[in-house]
Every structure is written in structure tokens, then in C-alpha cells.
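Colleague: no sequence for this one, just the structure:
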DNA sequence: TATGAATGAGTATTCATTCAT
DNA sequence: GATGAATGAATACTCATTCAT
């Protein structure tokens, strides 16, 4: 895979398989498409990087190399499709998660800890691919564009959910507070999940504790009259 | 550079040049060692990745390829040395930064915002290599081990500094609060600097604003009677 | 298309579609056969080479790849058929051209300049495919054999036409003169049109003889008071 | 070797090994350079085309693939170097040939047949590579440019040699006659040797003029009492 | 008969590492 | 010690041909 990423021909900025893949799939050959995507995802998760060969996808996934190129213009596009799928799935999980949390919560004090808890679960589940998506976004505009859209959307729906409890907020600018809260929460969770890594789980700093304190912090901040 | 990272022969877990490099250097050849390390660092920073060739280091740095292999067992080890140096330098800068901040601060309310501000500067300065260090730590135990030590040290000294103002803390468990505060602060700064990327600069979420709110949040949290 | 050209199974040495193609065609599928031949010819003329893919023929010509293999044993045979068709068409054009020139000419001095002029037109018209035919004849016996036959025929009818004015010839061996004249004319035209080889050593036209006559011709020309 | 020919970085239009190759060679490694050039030339002559693999050059020529890329930026450049060498050698042989022929000839009638004879020998000797050079010139500007220069030079020195006997010429425009004579002689020899195109439209030699003179030549020859 | 999805052998190129000088 | 030329394994991608439907 070349250092210089190969641009896609059509609408740039979309990663959905229908866009990145060469033709809409039906029936039998859908299975083959599935197999190559799954195998590629497996290898990416296993290795924590895009350093797999198409040879490997071919053998492990029982798909011929030619087949891969029948669906994807390049290895880069295959990788993009895997990432695109993951982003889509995460978005769906976020929606479901938020709906669930909102249903159970009567107050901000109900909502925030549950939200932190459940959002952490969603991210944890998808951490390996999310990590790769982030890494790649740094250098591939074709991933960074939809990546940002996806991030924007997360922030939007999370912030809106918080703002449903705005009469409980302290201070004036509720939007700023909600956005900052989202940012801090996401940052902290992301770091904890090595979404941008290093100091990861430094000396067993407790994950459960971390989440609890994070929730408390956000709550105190949001309620504070600063 | 192979996918499977080559283990070092001697004590694993140290990145200091004296460890990663093959022999202690003096005089003339010290200059050559310096040149290869500097050139490699330059290339890594320029590219934002380890995708440079030894050919390039050789030409740009006026060092023969043979020389490089005389000092380093492999390209991997050269990269590790660069990262090791960077971690050491960052540690020194953190020390200096903390000393400065403490000297100027009479209260927690003095300390926290200055700390956030100046720590952000230190990280920003070193972001490119820190990013690489984090990326690599994910897959290379030889980087992740000293990386963790370095992170541990940062947390230690930062936390201790905060605890010098512990009588101003609210709540009971001051250690937990200080550690959580450090975690949250570092997470948020790291994300903002793309140290672990993606959602980076989503719709111009303001850097100055972010830092201010982060400081307020930490302060409110620390002072809160939760 | 492999370097080593695949031999045809049946009678080698013929390129007519009926020979190179797998089965005689009628009605509806005749149109499809036409489409693949035309598309292949188009691509060959456009590129000036055989570097087109069957995929391209399939898409541009609205013919399935399977259809092509139903008519032709291999891509090589498709190419041969295109060349065979072109050679046939050129032969027909040569016949018509000669008839026209002869009808208008009353003497050798009438005939020769017209012949040169009109033959040049015929060759120019068909230059792109003729060029390919010649190139391929060099390495593919299945093209060189009918190519030679076709060249032989051209020389035959051209020479015979000249010999209708033999009483105007100087010297003794009129056949030799006529043949040499044809060779020189064709060579010069071919070179001017970048045609290249083909008719190489057509039926043992003697090399030593050729060189002697070439010298004489140049000499006569150079010394002539025209 | 890609359809789209890779352009050279430095001065375009020269094929001498010193230009096409990556670095000046001396001593030991000169032998290796020689081996790869010879092996490539052998394969090109054997196959009558550029369809050899670097694998083959590596094995047959006892040179590692890496070595080839040490000297040549691409397979295309290796091919160009082989062709460039051949063109240079031919130029030298032409010079020697012309000197020899002139030394032996006292009149145009002496000169022309010897020239035809000896030039034929030079071309015959180098036919295989010349054929390839011409083929490639058609599509590769980096070969066609020096190819034309080389052709121009041939025409220049041959024409000048003929013109040393200009007082024996008939007619008026001796330059035109000499040039036409060269063209016809070269064309005929080239065709006989299956050389193909190259010298195409060397310095705008006029097509209409060429045809007129061609007719005159044929006519003079046919009517001559030789 | 007709289709076009699937196959996989084949090839140019890169670059970490070695080793003769 | 120091050099940098030589090595060759490894890898993305193409396209003629096959064959299940």
C-alpha cells in the first residue's frame, strides 16, 4: 500500500461500502464481499494495523485476489470500507445507547453517569477499529472527512441529550457547557481505551473509578455557578 | 521495517541511547551518532510516521548506512532511540515547567489554570514525536514499557504538585481526586493535540475556550464536596 | 496475451473470420460478432497496439466476455481476425485503385505517377492496422503467412499492371525491373507511413538482385536530366 | 512495464548509459552494469521485443534485481540504455563504413553500388535492435528524440558523401536528389531488413516532393537502357 | 446459447540488511 | 573501524481465461 494514498474516483468523502466498493452486490456474490470485509477486519483488529497482505485476505477468507479487485479499486479502498462499516455501526449503537439512557433518566443527575457508563461500553466494544480509523484519518482525507462528520454527529446527539436537562444547568451558556462536557468525557474515555494511546492504563488506574469520577466531575461542573 | 518487531537482545524495556545503541560513544563518532539520531527524528517529524528509509538518513545525515548498523541493531532500534530521547527531553521539560508553575502559585486556584496552560505548551511542542511514541507503544513492548514509566512519572509529579494544595480540596480522597484531575487534564489536552486523533478540531471547537473550561471543571470538581 | 503466441488448432495460416472464428455465424449473433470485431479494431487503431483488454471490448462493444470466447479461442485469435479482415479490405481497395489508374492511363509516364499517388492513398487510409499487421507478422506465423500471401498478391497485380506498358521499358529483363520498381515504391511509401516490415522477403525476392537494382535505380535517377 | 512510459528526471532526450544510468560506473561494478545491459540486449534480440522480465535478467545475468534498480530507475530506463548503446554503435559503424567507401571510389558510379552494399551490411548487422528502437520510438519520446537525431546524422553524412560527386549529377537541385536517393535507399534496405519506421519524417522531408521524386526515379529507372 | 463473476499466475518495484573492500 | 554496493524477499495489482448459472 503506497504512502501516497490513492484517491477515489467518485464522490470523495464517503466510506459506505456502496460507495467505496465497485458495484452493488446481491445474493451469492454478497457472501464473497462479506467474507473479504470480515477477513480484512479480523486481520486489522488482530494486528492493530493495516499491515496485512491481500494474499492473507485471499487465503483466510477463501476469496481470490481478483475478486477483491472486482469489488475494490485498491487495498486502500478495502481498508476504507472496513472503517466505513465500523463508523456506521458505531453511529447506530450510539443512537440506541442514547435512546436507552434517556428513557431511564428523569434528571441530569440520572442521565450523566448512565451516559458516561454506556457510552464507554459502546466505545470499548469498537475500540480496535476506532483506533485504526483515527490513525488513518490523520493521513487519509477520505477517512478524515467522514470521520469528522461521524464525530460531529456524536457530539450533536450527545449534546442535545444533555441540553434536555438544561434547566438543571448552572451558569449561563448551556451550549458551551454541554459541548465542553462532551469533549471532556469523550477525551477521557478515548484515552482510557487507548484510542489515542500511550499512557494507557498507567499503573492500573482503575477503569471503574475513572468513570465514576469523570461523571462526578462533569456533573459538578455542569451544576456549578461559575 | 517488519510487522513483527524485532526484540532487542539485552535488557528490554529501556530506550536510552546507551541501551538501544550498541556501544558507548565518544568524541568524533559521537557526532556521527548525533547526526543519525537528528536526521531520523527530522524525517519522523516531517512525515508524521516511521516511513523513512535508511538510505534517506544516510544521505541527508552524511552518515554511511554501515555506521547506522554499527550503532543500532536494526532500523527499529534507531526509531526506538529517537523516541527514547524525546521521552527523556519531555520529562525534563515537565520538571522545569512544574517548578515554574509552583513558584508562581500561592493557591490551588492559582496553580491549576497555569498548570493546564503550561503543560499544554509542553505537550504541543513535542506533539509530533509524542504521537509517534503513542502509536508505536501500541505494538512495540519495547516502547510501551518505558513509555508507561514516563507517563507514570508525569502523573506522579503532577499529582504531587496538586497535592501540595490539598487543604484546599473538597471531599475526602485527595489522592483519587488529584489523579482523576491529572487524567482528565491530560486526556483532554492529548485529544486536542491529536495525540490520539480523529474527532480533532470538530467544528473549530475553540482551543483557548477548551482549556479555560477544562481548568474550571477541574477546579470545581476538586473543590466540590461530593 | 502471452509472449508465446498460442497456435491455432485448425489449418494454420488463414485469418479470414471463418477460419479464425469458431463457427459460421448467421443472423442475430452475426451482429454481435461484428460488434466485437469492430470494437477490437477501434481500440487497436486508437492505441496503435494490441494493448486493449477483453473487458474493454466487452463494455464498449456491448458483448459479453463469454460471447467473445464463444467465437474466438483466445484474444490472440480475435486480434488475428481483425488483422485478417483489414488485409482483405486492403486487397479489395488495391484492386479498385489499380483498375481506376489503368483506365485513366495511356502510357507508362501517365501510369507511374498516378499509381504512386493512389497507392499512397490506399496505404495511408489503412496505415494504422497495416502497421499492427506488420508488427505482429514478425512474431506470429499465423499472421505472417497470410500477410505474405497478401503482399505477394499486391506485388503480382501491381507488377502486371506495369508490364502492360513493357514496350516502353528500357533494358532487357522487364519482370525484374517491374518487381524492383514495386519494391522500391512500396518501401518508400511504407517508410513514409511508418508502416514497418511485413512483406519481408516476400517469395524469395532476391536480396543480391535487389541491392544491385537499387543501386542502378538511384544512379539512373541521379544522372537523369528530368 | 507500464503502458504509460515513465519519464526520466534529468535531461530528457539522451540515451547514453551515462545519462540513463543512475551513477557513473568504475571498475568492479562496471562489470555488473555490463552484464545487465548485455543480458537485457540478448533477451531483447532473442525475443524481438521488450517482453522480458527483470527476473530473467537477474538470473541469466547473475545480477541481483536490486543491482538493476541501483543503476536504472525503471525497467523502461534499462531498455532505453540498451537502445541508446546500439544507436551509438551504429553511428560509429556508419562513419567507418562511409570513410571506407569514399576511399575506394573515384566516381558516382563507383560510389553508389558500394555504398548500397556496405550500408546494407551495417544495417543488417544491427537489424534486431534497430527494429526495436524504431518500434519503441513510435511511443516513447525519450527514444524518438535521440532516434531522430541519429537518423538525421545518417542522412547528413550519406548525403554529403553523395554530393562530393555532384558534378556527375543530372538535373538542377542536387540536394533534393541526394536526399531523395538516401531516403529511397534507406527505405528499401529497411524494408528488406524488416526495420520499420523510425526515421519517419526526419526534418520535415516533404511528403509531396517525396512522392513526385519517387515516381521520377521509378520512371527513369524503368526507361533506362542499363 | 449466453453471461460476467471468479480465478490466480505473473511482474515491476522497494528497502532492510549484509559483507567485501 | 567505516563504507556503501549488492542482495532478494516481499507485495500490490492486472487481465486472459474458465465455468457455474
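Modeller: Looks like it came in fine. Since the structure is predicted, the reported quantities are computational estimates derived from the model, not experimental observations. Numbering: from 1, shown residues only, chains lettered A, B, ... in the order given.
Colleague: all helices of chain A, in order?
Modeller: A:17-20, A:27-47, A:54-60, A:65-71, A:75-104, A:108-125, A:127-137, A:141-163, A:174-192, A:207-223 (DSSP state H).
Colleague: possible to save the ones you listed as TSV with mean neighbour count?
Modeller: Bear in mind the C-beta positions are built from the backbone N, C-alpha and C, glycine included. Formatted as TSV, the helices of chain A follow (neighbours: other Cβ atoms under 10 Å in any protein chain shown):
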stretch	mean neighbour count
helix A:17-20	18
helix A:27-47	16
helix A:54-60	16
helix A:65-71	16
helix A:75-104	19
helix A:108-125	19
helix A:127-137	23
helix A:141-163	19
helix A:174-192	23
helix A:207-223	20
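Colleague: of all those helices, which lies closest to residue D:55?
Modeller: Of all the helices of chain A, it is helix A:54-60 that lies closest to residue D:55, at 18.5 Å by Cβ to Cβ.
Colleague: same for the closest one, what does it pack against?
Modeller: Helices and strands touching helix A:54-60, by 3 or more Cβ pairs under 8 Å, 6 or more residues apart in numbering or on different chains; DSSP states H and E, are helix A:27-47, helix A:65-71, helix A:75-104.
Colleague: can you confirm whether the last one lies near DNA strand F?
Modeller: Yes - shown here: helix A:75-104 in contact with DNA strand F (Cβ under 7 Å from any atom of the strand) through A:75-76.
Colleague: per-residue pLDDT, the closest residue to residue A:219 other than its chain neighbours?
Modeller: Among residues not flanking residue A:219 along the chain, residue A:112 sits closest, at 5.1 Å (Cβ to Cβ, 6 or more residues apart in numbering or on different chains). Here the pLDDT value assigned to residue A:112 is 88.
Colleague: ok, residue A:112 to residue D:122 distance?
Modeller: Separation of residue A:112 from residue D:122 (Cβ to Cβ, to the nearest Å): 92 Å.
Colleague: next one: phi and psi at residue A:171?
Modeller: phi 70, psi -170 (degrees, to the nearest 10).
Colleague: which residues of chain A score low on pLDDT?
Modeller: By pLDDT under 70, the low-scoring segments of chain A are A:1-28, A:193-218, A:222-226.
Colleague: and the residue of it closest to DNA strand E?
Modeller: residue A:66 (2.0 Å; Cβ to the nearest atom of the strand).
Colleague: distance-wise, check that residue relative to chain B.
Modeller: Per Cβ to the nearest Cβ, to the nearest Å, residue A:66 is found 25 Å from chain B.
Colleague: likewise for residue A:180?
Modeller: For residue A:180, the distance to chain B equals 4 Å [Cβ to the nearest Cβ].
Colleague: go on, residue A:48?
Modeller: 6 Å.
Colleague: quick check on that residue: phi, psi?
Modeller: Dihedral pair for residue A:48: phi 70, psi 20, per degrees, to the nearest 10.
Colleague: give me the neighbour count for it.
Modeller: 15 (other Cβ atoms under 10 Å in any protein chain shown).
Colleague: give me every residue that touches it.
Modeller: Contact partners of residue A:48, counting by Cβ atoms under 8 Å, 6 or more residues apart in numbering or on different chains, are A:128, A:131-132, B:138-139.
Colleague: distance to residue C:41 added to these, as JSON lines?
Modeller: Below are the contacts of residue A:48 laid out as JSON lines (distance: Cβ to Cβ, whole Å):
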{"residue": "A:128", "distance to residue C:41": "54"}
{"residue": "A:131", "distance to residue C:41": "54"}
{"residue": "A:132", "distance to residue C:41": "49"}
{"residue": "B:138", "distance to residue C:41": "57"}
{"residue": "B:139", "distance to residue C:41": "55"}
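Colleague: what's the closest non-adjacent residue to residue A:89?
Modeller: In space, and not counting its chain neighbours, residue A:89 is closest to residue A:126: 7.2 Å by Cβ to Cβ, 6+ apart.
Colleague: and the gap between the one you found and residue A:100?
Modeller: 17 Å.
Colleague: next one: residue A:39
Modeller: Distance of residue A:39 to residue A:100, computed by Cβ to Cβ: 32 Å.
Colleague: same question, residue A:93
Modeller: According to Cβ to Cβ, residue A:93 stands 10 Å off from residue A:100.
Colleague: same deal with residue A:41?
Modeller: Residue A:41 is 26 Å from residue A:100, where distance means Cβ to Cβ.
Colleague: check residue A:123 too.
Modeller: Going from residue A:123 to residue A:100 by Cβ to Cβ gives 15 Å.
Colleague: same deal with residue A:112?
Modeller: From residue A:112 across to residue A:100, the span is 15 Å (Cβ to Cβ).
Colleague: how is chain A divided into domains?
Modeller: Using automatic domain parsing, the domain ranges for chain A come out as A:22-71, A:84-223.
Colleague: possible to save those as JSON lines with distance to residue B:175?
Modeller: Below are the domains of chain A laid out as JSON lines (distance: least, Cβ to Cβ, whole Å):
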{"stretch": "domain A:22-71", "distance to residue B:175": "33"}
{"stretch": "domain A:84-223", "distance to residue B:175": "11"}
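Colleague: and these: which comes nearest residue D:148?
Modeller: Closest approach to residue D:148 among those (Cβ to Cβ): domain A:22-71, 40.1 Å.
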